[in-house]
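[1] Give me coordinates for this.
(one chain, ligands or ions: 1)
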Amino acid sequence: MHDLSDIADWLKHHPVHPAARGHGTLPDPVFVAGGEPVVSFSTNNYLALAKHPRLVAAAKDGLERYGVGNCESRLQGGDLELYRTLEARLGALKHKGDAVLFVTGYMANIGVLSSIVKAATLARLHGYRARKRHKYAYYSDEYNHVSIREGIQMSGALRYNYRHGDMNHLESLLKAGADEGSTAIIVSDGVFSMEGTIAPLPQLVALAERYGALLYLDDAHATGVLGANGGGSSEHFGCYSPCIMQMGTLSKALGASGGFVAVEREVADVIRLTSSAYGYTSPPPPAQAAALLAALDLLQEEPQRRQRLWDKQRYFIERMAPLGYTILSTQTPIVPVLMGEAETCQRYAIALRKEGIHVDAVQFPAAPVGQARLRFMMNAGHTRAQLDHVVRVMAQLAGRAARLA
Ligand code: PMP
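    So this is what the prediction gives:
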């Protein structure tokens, strides 16, 4: 149990980032703070769509047409054709028959993972055995997003964590579970956002198929980023097994907010009926759904945005590499630079901020103790001059590292 003195002590060792009090403008990727421009490396607005004129125009049009809020759950009559159109488009992006929209990605994870167990029908519809008083067991990568951990906890199902990315460990747990007769649901992030690495989807699918499991894939950081069409992890690997439930968020590459899970149509209907986070709350505002349709159009029409994002990632890593920092072996536009102790990492973040650069200092519990890191998130809108500036400042700080530590 924490008391207030514990919290004060915790805060002393985890100083709040100087920019955490709210910027005056949206990082796109530059924002203004105290009248000065600051270039952000902490926004998930990967494709620089959040302020794109087509999204803004679509949202304005949505406001005119539908008003500001929906004010009713979709199960209670708050459904709109607009939401159904968006869900069909998201389903198609993920090569699935349908998708279910949630208010955020966080709520999609909580809503689906907490309710799969209620939905024994889901297993039956999916062709798996569903028995009375059937046991379900979740197998979750230890580095999965917190919303996954919370959703699983709420489900009341059996739960096992496997060591990060360790397929042998996962298989040994699945084998033990199969001997007990439970139905398995494997859960993994598609991209691990603190590492920048991509989950080994083909191996996960092979294990899911071998053990008759569902695979719930959180593609929050992959949707719009990985794959030739921005379809995410499945498109990246060309791996489209029917056992995959494809979760994604709309608050990152797609530039708005909201979350979804793409599944086959019958499964989508079961989720709509069984997930409280869908049925007992209002959906995202209609104007947001309208903006998201424009974002999906741009995803298709402008593949060069994704290309620009990857160009920035390569350019930045090539220039950072000679400086002697430990750059974690990323496969995505997330570039983590290892700092070690949380205090060192914080000091770097503060020193960078003084030079007009905003970057997240990621530390425990988001990263293991002693492995704090600066997490540079690349953005299609970054310029080479901005990246050169970061490299210059990081080079200067390397010379003063002993004093910063
Ligand atoms: N999953 C992962 C892996 C995430 O990184 C995030 C956002 N940080 C979420 C889910 C939640 O998404 P949203 O911000 O749309 O709630």
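
[2] all contacts plus neighbour counts: C-alpha atoms, from now on.
    Will do.

[3] Ala395: neighbour count?
    When neighbours are defined as other Cα atoms under 10 Å, Ala395 has 17 of them.

[4] Surely it and Leu323 touch.
    Yes: counting by Cα atoms under 8 Å, Leu323 is a contact partner of Ala395 at 6.2 Å.

[5] Return the backbone torsion pair for Pro303.
    Here is the backbone geometry of Pro303 (degrees, to the nearest 10): phi -60, psi -20.

[6] Skip the chain neighbours and tell me the closest residue to it.
    Excluding the flanking residues, the one nearest Pro303 by Cα to Cα, 6 or more residues apart in numbering is Asn229, at 6.9 Å.

[7] and that neighbour, how far is that from the ligand?
    Distance of Asn229 to the ligand, computed by Cα to the nearest ligand atom, to the nearest Å: 20 Å.

[8] residue ranges with poor pLDDT in this structure?
    1-21, 118-134, 401-405 (pLDDT under 70).

[9] and it, which of its residues are near the ligand?
    Within the chain, the positions adjacent to the ligand are 104-106, 145, 189, 193, 218, 220, 249-251, 257-259 by Cα under 6 Å from any ligand atom.

[10] And the residues you listed, which of them are buried?
    By neighbour count, with 16 or more other Cα atoms under 10 Å, the residues of the chain next to the ligand hold 104-106, 145, 189, 193, 218, 220, 249-251, 257-259 as buried.

[11] Next, format those residues as CSV and append secondary structure and distance to Ala50.
    Below are these laid out as CSV (DSSP: H, G, I helix; E, B strand; the rest coil; distance: Cα to Cα, whole Å):
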residue, secondary structure, distance to Ala50
Thr104, coil, 16
Gly105, helix, 16
Tyr106, helix, 19
His145, coil, 23
Asp189, strand, 23
Ser193, coil, 20
Asp218, strand, 21
Ala220, coil, 16
Thr249, strand, 14
Leu250, coil, 11
Ser251, coil, 9
Ser257, coil, 10
Gly258, coil, 13
Gly259, strand, 16
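
[12] got those residues as a markdown table, with distance to Pro336 columns?
    Below are those laid out as a markdown table (distance: Cα to Cα, whole Å):
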| residue | distance to Pro336 |
| --- | --- |
| Thr104 | 25 |
| Gly105 | 23 |
| Tyr106 | 23 |
| His145 | 17 |
| Asp189 | 17 |
| Ser193 | 9 |
| Asp218 | 20 |
| Ala220 | 18 |
| Thr249 | 21 |
| Leu250 | 23 |
| Ser251 | 21 |
| Ser257 | 24 |
| Gly258 | 26 |
| Gly259 | 25 |
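
[13] out of the residues you listed, which one sits closest to Ala57?
    Using Cα to Cα, Ser257 comes nearest to Ala57 of these, at 16.3 Å.

[14] Let me see the contact set for the closest residue to the closest one other than its chain neighbours.
    Distances taken as Cα to Cα, 6+ apart place Ser251 nearest to Ser257, at 3.8 Å, with adjacent residues excluded. Ser251 makes contacts with Asn44, Asn45, Thr104, Gly105, Ser257, Gly258, Gly259, as judged by Cα atoms under 8 Å, 6 or more residues apart in numbering.

[15] got it, and Gly340?
    Counting by Cα under 8 Å, 6+ apart, Gly340 makes contact with Gly370, Gln371, Ala372, Arg373.

[16] Dump the residues you listed to CSV, plus distance to Gly91.
    Formatted as CSV, these follow (distance: Cα to Cα, whole Å):
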residue, distance to Gly91
Gly370, 41
Gln371, 38
Ala372, 37
Arg373, 35
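
[17] By neighbours, which of these wins?
    In terms of neighbour count, Arg373 stands highest of the contacts of Gly340 at 32 neighbours, by other Cα under 10 Å.

[18] I'd assumed Ala366 was in contact with that residue.
    No: at 9.9 Å, Arg373 does not count as touching Ala366 under the criterion of Cα under 8 Å.

[19] What is the neighbour count of Leu215?
    Neighbour count of Leu215, defined by other Cα under 10 Å: 25.

[20] for the one 4 residues further on, same thing?
    In terms of burial, Asp219 registers 27 neighbours under the definition other Cα under 10 Å.

[21] do the same with the one 4 residues further on
    Applying other Cα under 10 Å, we find 28 residues neighbouring Thr223.

[22] How about the contacts made by Ser155?
    Shown in contact with Ser155 (Cα under 8 Å, 6+ apart): Leu113, Ser114, Ser115, Ile116, Val117.

[23] which SS state does the closest residue to Val30 other than its chain neighbours fall under?
    Spatially, and ignoring its direct neighbours in sequence, Val30 is nearest to Val39 (4.3 Å; Cα to Cα, 6+ apart). In three-state terms, and counting by DSSP: H, G, I helix; E, B strand; the rest coil, Val39 is strand.
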